[in-house]
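1. following is a predicted model, sequence given first.
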Amino acid sequence: MEPIFKTMASKYTNVGFVKIDVDELSIGCGAEFGVQAMPTFLLLKQGKEVERVVGAKKDELEKKIQIHRAV
């Protein structure tokens, strides 16, 4: 999914993309956001989760990005 993630980041320049490896963080980021499977994609607006995609679901992720970047 990483190449797809990078492509989407280049395509949707008005959206911020951040990759976090929850296994490398000691601050409990995965637990804080309830990440139970990888990959998990969280769509946040003003710090609040508006959507979540669990698994390598490229089309679903892109559709949700398109919906929320326009709102």
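-> Nice, thanks for sending it over. Numbering: from 1, shown residues only.

2. buried stuff in the lowest-mean-pLDDT helix or strand in the chain?
-> Least confident helix or strand, the chain: helix 29-32 with a mean of 74, by mean pLDDT, DSSP states H and E. Across helix 29-32, burial judged by 16 or more other C-beta atoms under 10 Å covers Gly30. For every residue, glycine as well, the C-beta is placed using N, CA and C.

3. same deal with stretch 53-68?
-> Buried residues in stretch 53-68, defined by neighbour count with 16+ other C-beta under 10 Å: Val53, Leu61, Glu62, Lys64, Ile65.

4. from those, which land in helices?
-> Using DSSP state H, the members of these that fall in helices are Leu61, Glu62, Lys64, Ile65.

5. ok, then the element right after the least confident helix or strand of the chain?
-> Downstream of helix 29-32, the next assigned helix or strand under DSSP states H and E is strand 40-45.

6. that following strand pairs with which strands, and in what direction?
-> Strand 40-45 has the following strand partners under DSSP bridges: strand 48-54 (antiparallel).

7. quick check: buried residues in the strand it pairs with?
-> Neighbour-count burial for strand 48-54 flags Glu51, Val53 (criterion: 16+ other C-beta under 10 Å).

8. switch the ones in helices among the buried residues of stretch 53-68 over to CSV; also include pLDDT.
-> Below are those laid out as CSV (pLDDT from 0 to 100):
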residue, pLDDT
Leu61, 97
Glu62, 96
Lys64, 96
Ile65, 96
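
9. a markdown table please, covering those residues and showing distance to Asp23.
-> Listed next are those as a markdown table, based on distance: C-beta to C-beta, whole Å:
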| residue | distance to Asp23 |
| --- | --- |
| Leu61 | 21 |
| Glu62 | 25 |
| Lys64 | 25 |
| Ile65 | 25 |
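
10. now for those residues, which pair is the farthest apart?
-> Pairwise distances across these peak at 7.4 Å for Glu62 and Lys64 (criterion: C-beta to C-beta).

11. can you show me the CA trace of stretch 55-71 as PDB?
-> What follows is stretch 55-71, C-alpha atoms only, in PDB (Å, rounded to 0.1, in the frame of the first residue of the first chain):
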ATOM      1  CA  GLY A  55      -7.100  -3.200   5.300                       C
ATOM      2  CA  ALA A  56      -5.500  -2.600   1.900                       C
ATOM      3  CA  LYS A  57      -8.700  -1.300   0.300                       C
ATOM      4  CA  LYS A  58      -7.300   1.200  -2.200                       C
ATOM      5  CA  ASP A  59     -10.600   2.100  -3.900                       C
ATOM      6  CA  GLU A  60     -12.500   2.500  -0.600                       C
ATOM      7  CA  LEU A  61      -9.700   4.700   0.700                       C
ATOM      8  CA  GLU A  62      -9.600   6.900  -2.300                       C
ATOM      9  CA  LYS A  63     -13.400   7.300  -2.400                       C
ATOM     10  CA  LYS A  64     -13.500   8.400   1.200                       C
ATOM     11  CA  ILE A  65     -10.600  10.900   0.600                       C
ATOM     12  CA  GLN A  66     -12.600  12.400  -2.300                       C
ATOM     13  CA  ILE A  67     -15.700  12.700  -0.200                       C
ATOM     14  CA  HIS A  68     -14.100  14.400   2.800                       C
ATOM     15  CA  ARG A  69     -11.600  16.600   1.000                       C
ATOM     16  CA  ALA A  70     -14.500  18.400  -0.700                       C
ATOM     17  CA  VAL A  71     -16.500  19.000   2.500                       C
END
